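Participant: Quick one: sequence and predicted model below, then my questions.
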Amino acid sequence: MYTFSDHARQRMASRQISEEDVIAAVEKGELEFTRIDEKGRGMEFTHSIEIIDASCRKIMVGWTYDGDDILILTLYEVKRKWR
């Protein structure tokens, strides 16, 4: 099951990224990096995934495990230029 932080919900609304796009990124995206929590927030790993959504935008999703759930922490559109 997926849960979304308030921060992630705000980012989804401001960037017009749907829950479906976020879930697709986690399930089918390409893992960019995994980072150990260094700020002591109680989350061991943060995973960042990139995927190209239905609108041909490249989005990055930051998430972690929250028990058996996946907690979406943040997301944004990657503005890098394609080669």
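Facilitator: Noted; the coordinates are in hand. Residues are numbered from 1 along each chain as shown.

Participant: ok, which stretches of this structure are strands?
Facilitator: Taking DSSP state E as the criterion, the chain carries its strands at 2-4, 30-36, 45-52, 58-66, 69-77.

Participant: And the closest residue to Y76 other than its chain neighbours, how far from T3?
Facilitator: Spatial nearest neighbour of Y76, chain neighbours left out: M60 (5.6 Å); criterion: CB to CB, 6 or more residues apart in numbering. C-betas here are computed from N, CA, C, even on glycine. The gap separating M60 from T3 is 19 Å, by CB to CB, to the nearest Å.

Participant: ok, the two, which is more surrounded?
Facilitator: Comparing M60 with T3 by other CB atoms under 10 Å, the one with more neighbours is M60, at 16 against 12.

Participant: before we move on, the earlier item: as CSV, the strands of the chain with mean pLDDT would be great.
Facilitator: Rendered in CSV, the data for the strands of the chain read as follows (pLDDT from 0 to 100):
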stretch, mean pLDDT
strand 2-4, 95
strand 30-36, 71
strand 45-52, 65
strand 58-66, 83
strand 69-77, 87
